[in-house]
Each structure stands twice: as structure tokens, then as C-alpha cells.
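1. build me a model:
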Amino acid sequence: MPPSELHATFLPDHASPADGRLLFFGGAHPGAAVAELGLPPGDPVDAELYLGGELHEVEGVAMPVRPVLPALTRIASRPDITESVAVWARIANAVDDDKFDDLDRIAGELPAEGHAVPHSEGHVWTAKALVGAFVESFTELLRSDSGLNLRLITAQHSDPGEVRVNADLRKYQAHGIAWLEAAAEGGAGVILADDMGLGKTLQSIGLLVRRAGNAPHLVVCPTSLVGNWQREITRFASQLTVHLHHGPARTKDRAPLTEADVVVTSYSIALRDIKLLRQIAFDTIVIDEAQAIKNHRSRTAGAVRDLTGRVRVALTGTPVENHLSELWSISEFVNPGLLGGQTDFKRRFADPIEIGRDPVSAATLRARIDPVVLRRMKEDVAADLPPKIEAVVACTMTDEQAGLYKEAIREAFDEGLGDGITRRGRVLKLLTRLKQICNHPVQYVGEGDSAAVGLAERSGKLDRVTEMLTEVVDEGDKTLIFTQYRQMGELLSRHLHAELGVAAPFLHGGLDQPARDRLVEEFQTGEGPAILLVSLRAGGTGLNLTGASHVVHYDRWWNPAVEDQATDRAHRIGQTQTVYVHKLVTAGSLEERVDELLQRKRAIADAVVGNGEDWLGDLDDSQLRKLIELDDAGGHL
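-> This next block holds a predicted model:
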């Protein structure tokens, strides 16, 4: 059916404004016309409207206000739409741009079909009153005491009934699915921010199962998790068909995507293929590791926001890693406008909380997001997880390391660190050099072929981890070793294989997806390698590596949330052993001092939703020297 036959109006709900629905009607197949316009899939309904002065029953497609708003704003200038659709699109644009003062004027442009909803016998809603009801429906999420918000809060502790997944759901997981479904029905986007390992993927699959059949779902995730999502859907919901939209041989045609129950793709492919994906109106869009869109100005964030879906769900264990602006960016995907514009959000929330440590602003923000951000911690809901024992292992520098360390500091201060952005860049560069020296001199100076030069007895940290792993391997346990540097991972892989006589494969970003999947599967088997080295960037999130009972952080990340996510590759649901976490630091160096600073980084995010990161790098010369200068009391070999 051509869009030129489709009309639009709004069906208000007196008792529950959030349940008001935009109605598209007219022609033989209004659903097909809605799809042609790129609007989200709606629910088939019958409605009574006054048309031509008489009451008629019409068939149409209805949908909540929030999901349809972004797509509706894009079609206002199309020449092939009716005047009623065009005016409602202009109303959507005004609401989206916070130009509420323009609404009375635009309401006056609505034709009779645009406000044909009965108000009382023989009377219809006036255009102005109907637009007011539309705005009230849109703003329901802004009122903490609204019916929709109360339903969402209640659903966080509700039973969803039967969920056809191949898993024994824990009570909190069932509650999570009930909450996701309530949000979907109410037209609210949500952020599922459970602690790592509590089953966000399973809960999301539960929602996809409950909403299967109307239109395809879309999952967007990091490249390293594409295969994992495919496997998890097959494992928990084999009744769903999955189309993997990934790799150089991926389709350029929309048909295979629309024929599947679930389409799985990566952020990078979503950006490249945004024109293809925008042609499809998805039912539910799930973005995993949603911190990938924390920079709202990035092309990836823009592409994800341009996708059309009836339901939007963001999954992240760290809704705030560094700054509250990251929470705003993710919220802008799931619920555009909920936290206001970025400038307004910075003024009302980010600056008072991050700079002023204002508890009132933090409480106000928490109240705003509580209905649509669900975060449960391991200690709150998963008492059956085995204990996690963490220890900081202080390693002694060698003379070679100490000399290089002091020389790097002396050269940096002699050359000068500059001011502003230049200074910050030079400080961070210096910190990176010092961390590399703490890892191993070879990583810093780049001495030819490391196999010929030799690695043993040149780094206290390397010697200590070799000793530790000798005991672990002898006991028959498995270990994950995380490093943020690919070069260090390759050095460790060769060294440990030579010293311990066991394979120590390295999972890093240079491997293709099948190779990564193979490493994970082999490690999880009893016969697999005892050691798996993992790049923080390539494998620090999403992977299930419960075969390990030991986790080693060989070098330290500036962000405690990132380290926690990496540890949770082993310490998660399905783990049956005590997990020992060994965090290596070089005694007397910046690593030992940063270890103390890391514990202070959580305050900002904990005040709102969870883990966070403070800053490093904006230090004056005195502060910087106190942080990095070598304390000889730490000793060195």
C-alpha cells in the first residue's frame, strides 16, 4: 500500500497517559505502509474515528509514542505522505527539539483526520487538546510518580510467567525479564546494568523469545562477541533463527535479515551497513557492551541511534566508566530526551555530581533513571557464586628496570611537559612508558628478537608470575592472564611455553572470530591449555571463561571497572570453584601508588548507578613526581 493512503492520529488514554498510542490507518494494508515509511512495527488494532462527520470503525496500526518519535521525525518532508502524517511528524520534530512553544501553531495545521478521535458522543478531540495528550504521554517517564514508572518499578520484582528458554532462571533473572517486557509494552527503552556474570544475555534472550514473530530483532555487539551471541541464542532459545550479519561475505540484501528471528552484527558492521539496516524496522534492538556508544559524537553512536526499532535495550556492566556524560549518551539511545539535552544534563547533573559531589543532584538523577536502569550486584542476588579472593602481588624491580625507569622520568622532565592538551598527552605517554618498563625492559626498549635476547631474570614481575604459575600448573588448575599490551602478551606466551612446558595461547584483537572462538572452547575443556593470555581490549568483556580458577592482571588498567569486567570472565554464573585474583604491581613504582588511587575511582558512578573511573593525567609537576618517582624502599634486584 502506498504511504499516500496512510493517515495518522493519536489515541489518548485518560487513565494511563503512557498507554496513549499513535494510530496509523487508511487503505487496505496500513501495516505495509508503516513499514514503507520506515516506522517501527506496531500492533494491529480496530478503532472508532469520526471521518466525514460520521463514526467509522477502522483497522490500523498503533504504537507507543517514544519508540516511534525518532523515526517519525525523519519523514516530515516526504512528498508522498498525507497531510495528517506530515503534521504529526512536525509535532514529533518539535517535541524532539524541545520546541514546545511551537506546538499550538502546528496543532492548528492538523486536518480533520489528524484529530478524528471521539471525545464524547458526537464530538472529537480538538487538535490542541489531542497534541497536549500526546506530549503528556511522551513525558510520562519524566514524572517519578507516573503510572508507567510505577509499573516499571513494580515489574523489577514481578514474575513474568513461563519463559521458553532452555535454562533454569534464577529469581532475579525472571524479574529482569518481567521488567524488560513491561518496558517494551510501555514504550520505554531501558538499560540493563547488572554486574558482570549475572546473565544479562540470558535475560535479553528471554525478552526476544517473548516478542518473537512480529518483526526481526537486532543485536549489536563488539566484534569479539558476535559468535558468542549466536551460540548463546542457539543454546537458550533454539526455536529462534539467527542471521549472522558479519564478515566480508555478508549479504547486501535486506531479505535474509527480515526472514530471521534475530540478526546479530557488530558495531563496526552496523556503522558500515547503516543504509541497509535503516531499511528494516526491527522489533527489539539490543546493544551489548553499550559503553561502545559512550561518546555521543562518535559515528558509531550516531549510527546506532539511527536504527529503527519498537523496543530499545542497552546492556552494560559499566554504565559509567569515566564520566556521567557516558550515561547520558546511552540513555539518549534508549530514551531520547529523558535526561534532557547534553548541555542541560551537564549543568543539572554532571557538573554538580562530578565536581561538586552534590548528593541532592545524585539522588535526583537516580530517581529519574531508577525505573529504566536496572542494576543488581553479585552480592545482592547471586549468593550461590563461589567466593572471590583478591590479592595484590608486589614484585621487585631488577637493576635494569630501575635504571630505565629513572632515566625515563629524568628525560621527560628535562624536556618539559608543556601545558594544556600537550601536557596531558605527554604525561600519559610517560605513564605508559613507565608501565612498559615495569612489565619488562624488552617491551620498552624493543631489543630485536626477544627469543635471542632472553627474558628471564630481567623483570621482577615476569619472574614472579613464572613462579606463581609453576605452582598453579602443578596443581592442575587453569589461569587467565590479562594484559593491555599485545607485545607483552606475545612475550609472555613464548616465555611461559618455554619455561613451563605448557601451551599458553594468546587471545588478542589480531585474531579472526573463528580463531577466538576456538581458543575459548579449547580453554573451557578439561584437556585444554592450562594458561590463556587475553588482551583486555579483545577479551575483557563478554566471554565466558569459567574454566579458570586463577586470574592474573599482569599490568594494571587505569580503570577499575575494566579490571572488574576482565576478572568476571572467570568469576560469573557457572563457576564452581573459588576464584583467586592476583593483581601484579611493581613495588615502589607508580603501579603501587595507582593501585591505591584505583580504589578512589568508584565514587562518582557509585553515587548514581555503579562502577566508575576518576581521572589520571591532569597533575601538576609536584603531584606527578609523587605519583611516579621510584621509592628505593621498594628495593630492586
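
2. so for this protein, the centremost residue is which one?
-> residue 290 (1.5 Å; C-alpha atoms, centre = their mean).

3. all helices of the stretch 251-400 of the chain, in order?
-> Ranges of helices in the stretch 251-400 of the chain, per DSSP state H, counting those that start in this stretch, are 255-259, 267-272, 274-277, 299-305, 324-334, 342-345, 351-354, 359-369, 378-381, 399-415.

4. let me fix that: the stretch 1-150 of the chain
-> 30-36, 65-73, 83-96, 103-107, 127-138, 147-155.

5. nearest to residue 223, out of the ones you listed?
-> Residue 223 lies closest, by C-beta to C-beta, to one member of the helices of the stretch 1-150 of the chain: helix 65-73, at 26.0 Å. From N, CA and C alone the C-beta is placed, and that goes for glycine too.

6. residue 326 contacts residue 290, correct?
-> No. Contact criterion C-beta atoms under 8 Å: residue 326 and residue 290 do not qualify, at 9.2 Å.

7. which residues do these two both contact?
-> residue 319 (C-beta atoms under 8 Å, 6 or more residues apart in numbering).

8. measure the residue nearest to the centre of the chain to residue 322 for me?
-> 14 Å (C-beta to C-beta, to the nearest Å).

9. likewise for residue 115?
-> 47 Å.

10. of those two, which one has the most company?
-> Taking neighbours as other C-beta atoms under 10 Å, residue 115 and residue 322 compare with residue 115 leading, 24 against 20.

11. hang on, the earlier thing: got a markdown table for the helices of the stretch 1-150 of the chain, with mean neighbour count too?
-> Output for these, formatted as a markdown table (neighbours: other C-beta atoms under 10 Å):
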| stretch | mean neighbour count |
| --- | --- |
| helix 30-36 | 21 |
| helix 65-73 | 23 |
| helix 83-96 | 22 |
| helix 103-107 | 16 |
| helix 127-138 | 20 |
| helix 147-155 | 19 |
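
12. can you tell me which of the helices of the stretch 251-400 of the chain the model trusts least?
-> Set side by side, the helices of the stretch 251-400 of the chain differ in mean pLDDT, and helix 378-381 is lowest with a mean of 72.

13. quick one: low-confidence parts of the stretch 401-550 of the chain?
-> 447-453, 540-542 (pLDDT under 70).

14. which residues touch stretch 287-298?
-> 191, 200-201, 204, 219-222, 225, 229, 267, 300-301, 304-305, 312-316, 318-319, 321-322, 325-326, 328-330, 332-333, 342, 541-542.

15. buried sites along it?
-> 287, 288, 289, 290, 291, 292, 293, 294, 296 (16 or more other C-beta atoms under 10 Å).

16. now stretch 496-507
-> 496, 499, 500, 504, 505, 506, 507.

17. please apply the same query to stretch 516-531.
-> In stretch 516-531, counting by 16+ other C-beta under 10 Å, buried: 516, 517, 519, 520, 523, 524, 528, 529, 530, 531.

18. the fourth one touches residue 545, doesn't it?
-> Yes. Counting by C-beta under 8 Å, residue 520 touches residue 545, with 6.7 Å between them.

19. what's the spacing between the nearest residue to residue 404 once chain neighbours are set aside and residue 398?
-> Sequence neighbours aside, residue 437 is the residue nearest to residue 404 in space, at 4.9 Å (criterion: C-beta to C-beta, 6 or more residues apart in numbering). Relative to residue 398, residue 437 is positioned 10 Å away (C-beta to C-beta).

20. between those two, which one's more packed in?
-> Relative neighbour count places residue 437 above the other of residue 437 and residue 398, with 25 against 20, counting by other C-beta under 10 Å.

21. for that one, what are its contacts?
-> 401, 404, 405, 408, 443, 444.

22. one more: residue 391?
-> Neighbours of residue 391 in contact, by C-beta under 8 Å, 6+ apart: 580, 581, 582, 583.

23. give me the beta-bridge partners of it?
-> residue 582 (DSSP bridges).

24. got the angle between the one helix or strand the residue nearest to residue 404 maps to and helix 399-415?
-> For residue 437, the host element (DSSP states H and E) is helix 420-439. Relative orientation of helix 420-439 versus helix 399-415 (axes from the mean of the first three to the mean of the last three C-alpha atoms, to 10 degrees): 170 degrees.

25. dump helix 420-439 to PDB, restricted to CA.
-> C-alpha atoms of helix 420-439 as PDB (Å, rounded to 0.1, in the frame of the first residue of the first chain):
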ATOM      1  CA  GLY A 420      47.000  22.100  28.400                       C
ATOM      2  CA  ILE A 421      46.300  19.300  26.000                       C
ATOM      3  CA  THR A 422      50.000  18.900  25.100                       C
ATOM      4  CA  ARG A 423      50.900  18.400  28.700                       C
ATOM      5  CA  ARG A 424      48.200  15.800  29.200                       C
ATOM      6  CA  GLY A 425      49.300  13.900  26.200                       C
ATOM      7  CA  ARG A 426      53.000  13.900  27.400                       C
ATOM      8  CA  VAL A 427      52.000  12.800  30.900                       C
ATOM      9  CA  LEU A 428      50.000   9.900  29.600                       C
ATOM     10  CA  LYS A 429      52.800   9.000  27.300                       C
ATOM     11  CA  LEU A 430      55.300   9.000  30.200                       C
ATOM     12  CA  LEU A 431      53.000   6.800  32.300                       C
ATOM     13  CA  THR A 432      52.700   4.300  29.500                       C
ATOM     14  CA  ARG A 433      56.500   4.100  29.200                       C
ATOM     15  CA  LEU A 434      56.900   3.500  32.900                       C
ATOM     16  CA  LYS A 435      54.200   0.800  32.900                       C
ATOM     17  CA  GLN A 436      56.100  -0.900  30.000                       C
ATOM     18  CA  ILE A 437      59.300  -0.800  31.900                       C
ATOM     19  CA  CYS A 438      57.500  -2.300  34.900                       C
ATOM     20  CA  ASN A 439      56.300  -5.100  32.600                       C
END
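
26. quick one: the strands in the stretch 101-250 of the chain?
-> Taking DSSP state E, counting those that start in this stretch, the strands of the stretch 101-250 of the chain run over residues 118-120, 123-124, 190-192, 217-221, 242-245.
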